[in-house]
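Student: Pasting the sequence and the predicted model now:
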Amino acid sequence: MTEPVPTRSTPSRAMSPYGESSGANLADILERVLDKGIVIVGDIKINLLDIELLTIKLRLLVASVDKAREIGIDWWEHDPALSSRADQRHDLKEQNERLRAEVEELRRKVERSERAESAGELPESGSGSSGRRRPRETDREPGAEPRRPRRKKDDAEDRDRDRAKERDRNRDREP
Amino acid sequence: MNGQRLSYAYAVVRSSDPAAQRARSALAGLRGVADAPVALVRSGAAAAAVSAVPGAEFSEAALKSRLEDLDWLEATARAHHLVIETLAARTTVLPLRLATVYLDDSRVERMLAERQEDFTALLDRFDDHVEWGVKVYAEIPALSDPAEPVPSDPPDTGRAYLRRRRQHRQAREETWRAAEEAVRRTEQRARGLAVERARHRPQQGTLARLPGENVANDAYLVPRLAAEEFRDRMLHAADDLPGVRVEVTGPWAPYSFTAPLEGVRQP
């Protein structure tokens, strides 16, 4: 560490070798650093499910919901797995109760899997053979609890788009 | 644990002397999470960028609550990203997920040694590649506009009202069709340049403060030599499509492609 390279940087410092300084808005960064990147469970076990649930938890537990919305992680509002009717956003009480139940259920699962993990003394979570794996889905037993549909598949994406369109049509029908 | 220092790992790079040299010079003077300096921990064929961080902030219990503090999360995510992008500008990196924390550097060394083959294989794949984010936005005409009669118009009739609504609905549907076409084009234009694609959720927040609805949010792994061409192709994919915009972000370190066997498909 002897090179006198003055790289004390501000977060807005552009990485780009192409001279672009746009791009790195917080939503873009969060979806990469939380959702992507190699998953290795370190000594400090932040179970993946904690991270997966982060956005839900933020909604439920953090006072500053507006802030969550502002930084672009309000997608759950539109997700049918998380909201009975994507458009009924005002029905917060019911939604919150259901989300709390889901969080509770997932938390129990986390604890179970943590116990299983520490029993096995694996340095990594889950599937074992490698540190990289698909986030989320592999953590769960099929059908074990409500879940968000992942958007890795085209049909899920198409459904999302269709749903958004449907929403708009519904709005259109209102006088 | 609270008085203790823990080892926070950001990314894995090669441990060969030239690679380590580049990484060290990239990290010199840099501050990472918790405003901590960043050093290189080497073991076998792999090395990791690591900071000593306070246990009071990064212990398991502390992290659980900190991760729900959006200000802390933002600062930490940005610092994590800054280290990764700074390294990525100088050498090939494997970004680790936020909050990968070890008790000390020797534990990091052990992890590196155990996984060096996996890491090396991934690093080989990412050499001279960058990740581009490609987002398609559709500016759907506002719902309320057409229902308001124009003041200069004659008094509204039922027929005029219905016509306005119909025209408005048509405009919205046209925009959606244009958006679908734009998504198709970005996928087509990626062929032959990108080697892999990954998908993110469309963003629905307002932080970006960009008009329109995000209808597609993809990431592509592109050879560095084709990076500029890829970007240009994408930026112009929707030039003739009214109400649709393509935004390109990056180049990023290959965050979205670290799970090569699952969840990522060829374009």
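Tutor: It's in.
Student: use CA for all of it now, contacts and neighbours both
Tutor: Noted.
Student: where in chain A is pLDDT low?
Tutor: A:1-23, A:47-95, A:116-175 (pLDDT under 70).
Student: how about stretch B:72-89: buried residues?
Tutor: Across stretch B:72-89, burial judged by 16 or more other Cα atoms under 10 Å in any protein chain shown covers B:72-89.
Student: List, out of the residues you listed, those positioned next to chain A.
Tutor: When contact is defined as Cα under 8 Å from any Cα of the partner chain, the buried residues of stretch B:72-89 meet chain A at B:Glu74, B:Ala77, B:Arg78, B:Ala79, B:His80, B:His81, B:Leu82, B:Glu85, B:Thr86, B:Ala89.
Student: Could I get the contacting residues of the fifth one?
Tutor: With Cα atoms under 8 Å, 6 or more residues apart in numbering or on different chains as the criterion, the residues that contact B:His80 are A:Val33, B:Tyr10, B:Gly32, B:Val33, B:Leu98.
Student: got it, and the second one?
Tutor: The contact partners of B:Ala77, taken as Cα under 8 Å, 6+ apart, are A:Ile29, A:Leu30, A:Val33, B:Leu98.
Student: So the second one lies in a helix, does it not?
Tutor: Yes: secondary structure of A:Leu30, determined by DSSP: H, G, I helix; E, B strand; the rest coil: located in a helix.
Student: and it, how many neighbours does it have?
Tutor: 21 (other Cα atoms under 10 Å in any protein chain shown).
Student: Tell me which residues touch it, please.
Tutor: B:Ala77.
Student: Quick one: buried ones out of the contacts of B:Ala77?
Tutor: A:Ile29, A:Leu30, A:Val33, B:Leu98.
Student: Columns distance to B:Val246 on top of the residues you listed, output as JSON lines?
Tutor: Below are these laid out as JSON lines (distance: Cα to Cα, whole Å):
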{"residue": "A:Ile29", "distance to B:Val246": "18"}
{"residue": "A:Leu30", "distance to B:Val246": "20"}
{"residue": "A:Val33", "distance to B:Val246": "23"}
{"residue": "B:Leu98", "distance to B:Val246": "28"}
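Student: Go through these and name the one nearest B:Leu122.
Tutor: The shortest approach to B:Leu122 among these belongs to A:Val33, at 17.7 Å (Cα to Cα).
Student: Next, give phi and psi for that closest one.
Tutor: Main-chain dihedrals, A:Val33, degrees, to the nearest 10: phi -80, psi -20.
Student: Surely it is in contact with B:Ala79?
Tutor: No: if you go by Cα atoms under 8 Å, A:Val33 and B:Ala79 don't touch, sitting 10.5 Å apart.
Student: what about stretch B:3-21 and chain A, any contact?
Tutor: No: using Cα under 8 Å from any Cα, stretch B:3-21 stays clear of chain A, coming no nearer than 8.6 Å.
Student: what about B:Gly32, distance to B:Ala9?
Tutor: 10 Å (Cα to Cα, to the nearest Å).
Student: More neighbours: which of these two?
Tutor: The neighbour comparison of B:Gly32 against B:Ala9 (other Cα under 10 Å) goes to B:Gly32, with 30 against 27.
Student: Would you enumerate the residues in contact with B:Glu74?
Tutor: A:Leu26.
Student: which stretches of the stretch 1-150 of chain B form strands?
Tutor: In the stretch 1-150 of chain B, the strands defined using DSSP state E, counting those that start in this stretch lie at B:5-14, B:39-43, B:46-54, B:94-102, B:129-138.
Student: can you redo those as a markdown table with mean pLDDT and distance to B:Arg24?
Tutor: Below are the strands of the stretch 1-150 of chain B laid out as a markdown table (pLDDT from 0 to 100; distance: least, Cα to Cα, whole Å):
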| stretch | mean pLDDT | distance to B:Arg24 |
| --- | --- | --- |
| strand B:5-14 | 96 | 11 |
| strand B:39-43 | 97 | 7 |
| strand B:46-54 | 98 | 9 |
| strand B:94-102 | 93 | 16 |
| strand B:129-138 | 95 | 21 |
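Student: Kindly reformat those as TSV containing distance to A:Gly37.
Tutor: What follows is the strands of the stretch 1-150 of chain B, written out as TSV (distance: least, Cα to Cα, whole Å):
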stretch	distance to A:Gly37
strand B:5-14	9
strand B:39-43	19
strand B:46-54	14
strand B:94-102	5
strand B:129-138	12
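Student: SS state for B:Gln188?
Tutor: From three-state DSSP, the assignment for B:Gln188 is helix.
Student: Check B:Val246 too.
Tutor: strand.
Student: Is there a neighbour count for the residue nearest to it when sequence neighbours are not counted? I'd like the number.
Tutor: Spatial nearest neighbour of B:Val246, chain neighbours left out: B:Val136 (4.6 Å); criterion: Cα to Cα, 6 or more residues apart in numbering or on different chains. Neighbour count of B:Val136, defined by other Cα under 10 Å: 25.
Student: Show the contacting residues for B:Val136.
Tutor: B:Ala179, B:Ala182, B:Val183, B:Asn214, B:Val215, B:Ala216, B:Asn217, B:Val244, B:Arg245, B:Val246, B:Glu247.
Student: Fine by me, we can end here.
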